[in-house]
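Asks: The amino acid sequence is not available; the structure is as follows:
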């Protein structure tokens, strides 16, 4: 079988927000497992493209605004002609916003919702018809534990992350019977450039997070990428649909007060 023929049989994936952090690590992991990838981001994914291509797979890059329907539709049309409908679409792109609720402007709230909720819906709406026509495919939406719990000073962000959880469940109910699965991943605090920016502003420190997590550390991008890869792979998660996979080291499970929690750490 020729290389071009072999490529036609590779699984294909779309990853948004692939320039850095969770998106980049997910792209590297899927590429290592033989997936062909399309990377969508507002900024260049050149670093991710290079690291993913090292595994000998085809990697395409699309740079543009995921909130703009013309951009998303153009990407989907290009990919449909090249690969057909993707096997998985991973909605990872997102922004953070930290401000007390009473100080959050309507413009700020709208912007966060557009990036973190409207864009994932637009991506799903655009790529779903091809998957549904084929009768197979998977969406994985990266939400957050802030989509399950309240965290102060994050009204816009928390609302925007609760949204994808509900969207995931609703479209899982609509599309599951036609072969297209929808699941979500809810990470806890992850060591990413976004975290670096927030810590540089003095909003919180490492101990604020590690003292709250039963496992005593931040999540890594690798922790989250492996969870995404599990949900993306129909050979491993074929009957998992409408599920929210929490990757938080036990944050949402632990109602202990801090001294009790810390007393359970290994000495």
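Replies: Here it is on my side, so go on. Please read all numbers here as calculations on a predicted model, not as lab measurements.
Asks: Tell me the helix or strand right after the longest helix seen in the chain.
Replies: What stands out as the longest helix in the chain, according to DSSP state H, is helix 155-175. For helix 155-175, the succeeding helix or strand toward the C-terminus, using DSSP states H and E, is strand 180-187.
Asks: mean confidence for that following strand?
Replies: Average pLDDT, strand 180-187: 98.
Asks: so how far is it off the chain centroid?
Replies: Remark: strand 180-187 is offset 8 Å from the chain centroid, using CA atoms, centre = their mean, to the nearest Å.
Asks: That one packs against which elements?
Replies: Secondary-structure packing of strand 180-187 (3 or more CB pairs under 8 Å, 6 or more residues apart in numbering; DSSP states H and E): helix 119-134, strand 137-142, helix 155-175, helix 221-232, helix 234-237, strand 244-247. C-betas here are computed from N, CA, C, even on glycine.
Asks: Out of these, the one nearest residue 108 is which?
Replies: Residue 108 lies closest, by CB to CB, to one member of the helices and strands packed on strand 180-187: helix 155-175, at 6.0 Å.
Asks: Can you give me the buried ones in that closest one?
Replies: Neighbour-count burial for helix 155-175, counted by 16 or more other CB atoms under 10 Å, picks out 155-165, 167-169, 171-172, 175.
Asks: Same check on stretch 103-118?
Replies: Here stretch 103-118 shows 104, 109, 111, 112, 113, 114, 115, 116, 117, 118 as buried, counting by 16+ other CB under 10 Å.
Asks: From residue 267, how far out is residue 219?
Replies: Noted for residue 219: a distance of 23 Å to residue 267, by CB to CB, to the nearest Å.
Asks: who's more crowded, those two?
Replies: Neighbour totals were compared for residue 219 and residue 267, and residue 219 leads with 23 against 3 (other CB atoms under 10 Å).
Asks: so who does that one touch?
Replies: The contact partners of residue 219, by CB atoms under 8 Å, 6 or more residues apart in numbering, come to 187, 188, 189, 190, 191, 247, 248, 249.
Asks: Most neighbours among those, which one?
Replies: residue 187 (27 neighbours).
Asks: Can you name the residues bridging to it?
Replies: Applying DSSP bridges to residue 187 gives these bridge partners: residue 247.
Asks: isn't it right next to residue 245, touching?
Replies: No. Using CB atoms under 8 Å, residue 187 is not in contact with residue 245; the gap is 9.5 Å.
Asks: so can I have a markdown table of the contacts of residue 219 showing distance to residue 238?
Replies: Below are the contacts of residue 219 laid out as a markdown table (distance: CB to CB, whole Å):
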| residue | distance to residue 238 |
| --- | --- |
| 187 | 23 |
| 188 | 27 |
| 189 | 31 |
| 190 | 27 |
| 191 | 32 |
| 247 | 20 |
| 248 | 25 |
| 249 | 27 |
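Asks: ok, those residues vs residue 25, which is closest?
Replies: The closest of these, once distances to residue 25 are taken by CB to CB, is residue 190, at 9.7 Å.
Asks: Now do residue 142: how many residues are near it, please.
Replies: 29.
Asks: so who does residue 206 touch?
Replies: So residue 206 contacts 199, 218 (CB under 8 Å, 6+ apart).
Asks: ditto for the one 5 residues further on
Replies: For residue 211, the contacting residues are 258, 261, 262, by CB under 8 Å, 6+ apart.
Asks: Show the pLDDT at it.
Replies: 94.
Asks: What's the end-to-end length of stretch 35-53?
Replies: End-to-end distance for stretch 35-53, by CA to CA, to the nearest Å: 10 Å.
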